[in-house]
Structure formats: structure tokens, C-alpha cells
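Undergrad: here is my input, please return the structure:
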Amino acid sequence: MAESTESFIEAEAAGYTWERRSPLPADEHLLGHTDNWLNALPKGVRPVHLQHDFPRIANALASLWGATAELDRCFEDIEFSPREDRHGFPPLIKEELLALHVHSLRSRPVPYEVRALQRALHQAAVLG
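TA: Model prediction:
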């Protein structure tokens, strides 16, 4: 949580205003790549309500799914946005967003540095 707070403080210091962008025509409809992305998600993670109630959010997540840093920023904005006019999401949508966020974190490849450290620790334990 400290990272989230720090990034918001840095963004505000840089002049970010936390305003919602103007709606686009595509915001009201699920895009083709979003439908493909949804179908590729595991059943326990695949949202049921998000794409119908908030197609703009589903489209944004689908387009950022492969971009780790941008996806994290998007989830952070969705979950912790300090916009004054923000009402939040209904409980079912919050659950679906949380499941997607957790899945995105768990399905990422382990960085090389972490794998190397794990191997070294394992070898040290085996060699005693």
C-alpha cells in the first residue's frame, strides 16, 4: 500500500489532476480483442459482470494485459483513485477486479534475478 500512496503523491507533485477523460464511442461497447482476452482467462478469474456494466474498464484491462507496469498502474487507478467525483464500484465488480488483479500478479513470469537467487539458495542448502 505504501507504493500506491507514494505514486499518487509523486503524480500529484508532477501536476496530474485525476480527471476522468472524455468518453469515447468505443467506451460503451466491448471491443473484439477484449472478448478474445475474456475467453482466454480461466473460468474462476473471468469476470461475468464487468464487461457488461463497465465495458470501458474491461477494454482498458484487455489492452494493457501484457504490459505489466501499465497494467499495475491501471489497477491502482481503478482501486485507489482519489478523484472527488468517484463513487466506486458495486461489490460484485470489486470482486471481479480483485480476482483479475491477483491473477495478473500470479501469472507473471518470475524475473531472472529472482530465479537465480532461488537457485543459489537451493544449492547452498543442498551443499550445506
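Undergrad: for whatever helix or strand residue 92 lives in, which positions count as buried?
TA: According to DSSP states H and E, residue 92 maps onto helix 91-106. Buried residues in helix 91-106, counting neighbours by 16 or more other CB atoms under 10 Å, are found at 93, 96, 97, 99, 100, 101, 104. All C-beta atoms are positioned from the backbone trio N, CA, C, and that covers glycine.
Undergrad: so what's the residue count around the closest residue to the fourth one other than its chain neighbours?
TA: The shortest distance from residue 99 to any non-neighbouring residue, by CB to CB, 6 or more residues apart in numbering, is to residue 45 (5.2 Å). For residue 45, the count of nearby residues is 16 (other CB atoms under 10 Å).
Undergrad: same check, this time on the one 3 residues further on
TA: Neighbour count for residue 48, taken as other CB under 10 Å: 12.
Undergrad: can you check the pLDDT for it?
TA: On pLDDT, residue 48 comes in at 95.
Undergrad: assign it to helix, strand or coil.
TA: coil (DSSP: H, G, I helix; E, B strand; the rest coil).
Undergrad: ok, and the closest non-adjacent residue to it?
TA: According to CB to CB, 6+ apart, the nearest residue to residue 48 is residue 96 (7.0 Å).
Undergrad: the one you found and residue 45, how far apart?
TA: From residue 96 across to residue 45, the span is 9 Å (CB to CB, to the nearest Å).
Undergrad: and for residue 59?
TA: Residue 59 is 17 Å from residue 45, by CB to CB.
Undergrad: what residue is smack in the middle of the protein?
TA: Nearest residue to the geometric centre of the chain (CA atoms, centre = their mean): residue 75, 3.6 Å.
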